Each structure stands twice: as structure tokens, then as C-alpha cells.
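S.K.: here are the coordinates; sequence isn't available:
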């Protein structure tokens, strides 16, 4: 049996100007993952924090987690879908 890897990514709900991504875009990402790998789990809404550099203010975004299982030889394909 093939080796499998769990992919965990965070999907932001807004762009860098705080404009909400449409439901069609979010649903399309989930559908792409589901159709390509056979399933996924959408997690709870969360808040992400990061700094681009020590001189910039803290950035904050609202996101949800999305996890799915892929064959080890398809990790790069999974990355290309969620990046």
C-alpha cells in the first residue's frame, strides 16, 4: 500500500485589503481538493497573526483550516492547488 501524507493548510477569508473572498472562490478550493483527492475536512474559523519584518506592524487574518490525505507521490500536486 502507498504511503500517505496529511496536508493541513489555512485558507484566508479576506485578501490583504480586508475584502472578503467570495463563496464561489472558497467553495471552488474545497471542490478542487475533494475532486482531486476524494475528500477533505474543513475546520473551525481561526485567526492568524504574522509579521513581514521586524519593522512592520502585526498582520491579522481570519481563516479556516482545511486538511486532507494524499498519496506521498502527490504532495507537490496538493501544494500547487492550495498555494
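M.R.: Good, I have the coordinates. Everything numeric in this text was worked out from a predicted model, so none of it was measured. Numbering: from 1, shown residues only.
S.K.: list the contacts of the longest helix along the chain.
M.R.: For the chain, the longest helix by residue count, based on DSSP state H, is helix 23-37. Helix 23-37 is contacted from outside by 11, 13, 40, 42, 66, 68-70, 74, 77-78, 81-82, using C-beta atoms under 8 Å, 6 or more residues apart in numbering. Using the backbone N, CA and C atoms, a C-beta is placed for each residue, glycine as well.
S.K.: hmm, which two among these are most spread apart?
M.R.: By the measure C-beta to C-beta, 13 and 74 form the most distant pair in the contacts of helix 23-37, at 26.6 Å.
S.K.: with neighbour numbers in mind, choose between the two.
M.R.: Neighbour count, other C-beta atoms under 10 Å: between residue 13 and residue 74, residue 74 has more, with 16 against 13.
S.K.: could you report the pLDDT at the nearest residue to the more buried one once chain neighbours are set aside?
M.R.: Distance criterion C-beta to C-beta, 6 or more residues apart in numbering; nearest residue to residue 74, sequence neighbours excluded, is residue 37 at 7.5 Å. At residue 37, the pLDDT value in this model is 97.
S.K.: tell me which residues in the longest helix of the chain are buried?
M.R.: 26, 29, 33, 37 (16 or more other C-beta atoms under 10 Å).
S.K.: kindly report the same for stretch 63-76.
M.R.: Within stretch 63-76, the residues scored as buried using 16+ other C-beta under 10 Å are 63-64, 66, 68, 70, 74.
S.K.: closest to residue 18 among these?
M.R.: Distance to residue 18 across those (C-beta to C-beta) is lowest for residue 63, with 13.0 Å.
S.K.: isn't the closest one up against residue 9?
M.R.: No - counting by C-beta atoms under 8 Å, residue 63 does not reach residue 9; the two are 9.2 Å apart.
S.K.: overlap of the contact sets of the two?
M.R.: With C-beta under 8 Å, 6+ apart, residue 63 and residue 9 have no common neighbours.
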